[in-house]
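Next come a sequence and a model predicted from it.
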Amino acid sequence: MIFAKPSARTRVSFETGFEWMGGHALFLGPNDIGIGKREAIKDISRLFSRYNDLVMARLFDHDHITELAEYASVPIINGLTDYNHPCQIMADIFTVWEHRADLEDLKVVYIGDGNNIVHSWLHLAMRFPMHFVCSCPEGYEPDPDTIQKARDVGISNVEVIYDPNLAVKDADVVYTDVWASMGKKDETDMREKIFKDYQVDESLMESSGKHTFFMHCLPAERGREVTDGVMEADYSIVFDQAENRMHVQNAIMVYLSENK
Ligand code: CP
C-alpha cells in the first residue's frame, strides 16, 4: 500500500480487509519510498511486481497511477488520485443498494466541489443508469471532458445545477465532501466564503420532498460542508459507507487476484 497522501479509511480498510482474507498488507507512507522523487515510478512499479501480489496506491497525480499500472505485472488498485476515487464510489453504490433495496430510477445529488469524488460518480454513470446531479458554485464544476463522456454514453441523465435547493428535488441520495480537498487546504478560507450556500443542512435535506439518504465519503468537516445534525440524523448512512469500503475492496482484491 503506497500512500503519498494521508488516510484513515483507505489505509485501515485495505490493511484490515486484506489481513482478514489471510494476506499481509504493508503500509508505505509519504516519507517511506519517495515514489516519483527518490525513485522513478516505473522502477517502483517493476520492483513491487516482483515482491507483491497486489499494489494499492494513493497518489496526487492521476498520470502517476496510470504509469504505475502500465509498468506493473500485478494489479494496481487506485486508492484515490486528484482525479478520482473509484473504490469509494463502488462502496457507495453498494451502500445505496443495501439501504434502498433496489437501484431503479436512482437520483444522486452531489452538493459541493466538483472534485475527484464527482469524477468517480460520473464514471459510474457511464456504466450504470442513474440521474446524477452535481450542484456546485460556478467555477467549481467537475472536469468538462468527464461530464461529456458520461453524457455521450447515453445511459444516465447527468446535470450540473448551480442552485442546491433546485438540485435536491426528489433526490434519493444527497452526497457531499469537504470544500477543500487534500492539496487545496491553503484555499480553505477562500472556499468557505464561495461555498457557504452549499452547506448540507437539515432544511436542504427536507427540501428534497421525499425520504433522502445523506452520504459523505469522510472525513467530514462538521459545520462547514455539513451540519452536525445531518451527520447524526437517521437518514445519514455515512458509517455504513465507511464500513462497506472494506467489504467492497475485499471483493475487488479477490476479483483481481483471480483474474490477473
Ligand atoms: N474516504 C476516504 O478515502 O477516506 P481516507 O482519506 O481517510 O482514506
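The structure has been received and is ready for your questions.

mind checking the end-to-end distance for stretch 230-240?
15 Å (C-alpha to C-alpha, to the nearest Å).

Which neighbouring elements make contact with the strand or helix carrying Trp121?
Using DSSP states H and E, Trp121 sits in helix 116-127. Helix 116-127 sits against helix 86-100, strand 107-111, strand 131-135, helix 144-153, with contacts defined as 3 or more C-beta pairs under 8 Å, 6 or more residues apart in numbering; DSSP states H and E. C-beta here means a position set from N, CA and C on the backbone, and glycine is covered the same way.

Just the CA atoms of it, as PDB, please.
The C-alpha trace of helix 116-127 is given here as PDB (Å, rounded to 0.1, in the frame of the first residue of the first chain):
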ATOM      1  CA  ASN A 116     -12.400  13.500  -7.600                       C
ATOM      2  CA  ILE A 117     -15.500  12.000  -5.900                       C
ATOM      3  CA  VAL A 118     -17.700  13.600  -8.600                       C
ATOM      4  CA  HIS A 119     -15.500  12.200 -11.400                       C
ATOM      5  CA  SER A 120     -15.900   8.700 -10.000                       C
ATOM      6  CA  TRP A 121     -19.700   9.200  -9.800                       C
ATOM      7  CA  LEU A 122     -19.500  10.300 -13.500                       C
ATOM      8  CA  HIS A 123     -17.600   7.200 -14.300                       C
ATOM      9  CA  LEU A 124     -20.200   5.100 -12.600                       C
ATOM     10  CA  ALA A 125     -22.900   6.900 -14.600                       C
ATOM     11  CA  MET A 126     -21.100   5.700 -17.700                       C
ATOM     12  CA  ARG A 127     -21.700   2.100 -16.700                       C
END
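
Contacts for that helix, please.
The contact list for helix 116-127, computed with C-beta atoms under 8 Å, 6 or more residues apart in numbering, reads 80-86, 88-90, 93, 108, 110, 130, 132, 134, 142-143, 146-147, 149-150, 153, 155-156, 158, 175, 177, 181, 217.

No more questions from me, cheers.
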